[in-house]
Every structure is written in C-alpha cells, then in structure tokens.
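Asker: Next input, structure requested:
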Amino acid sequence: MGRNFPLSGLLRLRELQENKAAGELAAANKALRGGQATMRKVRENTAQTEQNPVDAATMLAAAAARASTSSMLVELNALVQTLNEKAQHALQLHQHARSDVKALEKLAEKHACELRLEDLGREQALLDDLSSSGSRGRDT
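Answerer: Numbers count the residues shown, from 1 in each chain. I've put the predicted structure just below:
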C-alpha cells in the first residue's frame, strides 16, 4: 500500500469547494440580514411618522408617501424572500460539500490506520526475528 493517501488531491479539492460554499453561505446570510434590517428600518420610520395634516395638499402628500412606503415594503418583502431562498440554497450546498469532505476524511483516516497497522506488523515481525535470533545465540 502506498504511503500517501491516494485521494489526497480530491480531498484538497473538496475542502476548497467546502470553503467556497461556506463563503457563499456567509455572503447570502449577510445579504439576508441586510434586507431584513432595511425592512425593519422602513417599518420603524413609518410607525414613527406623525402626520397632522393642516390642509388638503399636506394630506395628499401624506397619502402619497404612505402609498409609496407601502409599495416599497412589498418590494422589500419580495427581496427578503428571494434572499432567504438564496440563503437556504447556499446552506444546502454547504451541507452537501461538507458531507463530501467528511466522507473523504473518513477514508483518509482509515488509510492512516491501515498504514499504522502495517508499520506495527513490520515492527512486530522485526522484534520476533530479533528475539528468535537472540534466543538461538544463547542456546549455543
């Protein structure tokens, strides 16, 4: 058996893919948090606005502002939904990449154990040989 893990190149590739997926997941989650924060700010600003119209023009302007804010909230809600879907997809990709790495890491660990067993077998054979030759030397 070779001393090097035969799939070490593939393991490194899978680790790079996992790191990339983790970065994409982090970016998707950051974008989602940003969209949610923007939506929260717009809602807070809308709730804090006190409007006491003094004339018809002010009342019309307030109504137009509320309609504009309402449509902006609908668009922001759709954006947050899209960002959430992207974050969920990125999470699935990361989990898949992580499972690929884990499978190869288990194979690498098994390979290392097999190498260690081979080394121990050789060492035991050498010790047995030395002890048998040493005891033959004392018998003569």
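
Asker: Helix or strand: which one has H96?
Answerer: Assigned by DSSP states H and E, H96 belongs to helix 56-139.

Asker: Check which helices and strands that helix is in contact with.
Answerer: Contacts defined by 3 or more CB pairs under 8 Å, 6 or more residues apart in numbering; DSSP states H and E place helix 56-139 against helix 8-48. To be clear about C-beta, it is placed using only N, CA and C from the backbone, and glycine gets the same treatment.

Asker: Now do the helix holding H96 against helix 8-48: the angle between them, please.
Answerer: If you take axes from the mean of the first three to the mean of the last three CA atoms, to 10 degrees, helix 56-139 sits at 150 degrees to helix 8-48.

Asker: Low-confidence regions, the protein specifically.
Answerer: Scanning the chain for pLDDT under 70 picks out the ranges 1, 49-51, 53, 135-140.

Asker: how much space between the most centrally placed residue in it and L117?
Answerer: The centre of the chain sits closest to A22, judged by CA atoms, centre = their mean, with a distance of 3.3 Å. Plainly put, A22 is 34 Å away from L117 if you go by CB to CB, to the nearest Å.

Asker: The residue nearest to the centre of the chain against H94, yeah?
Answerer: Yes: here A22 reaches H94: they are 5.6 Å apart, a contact under CB atoms under 8 Å.
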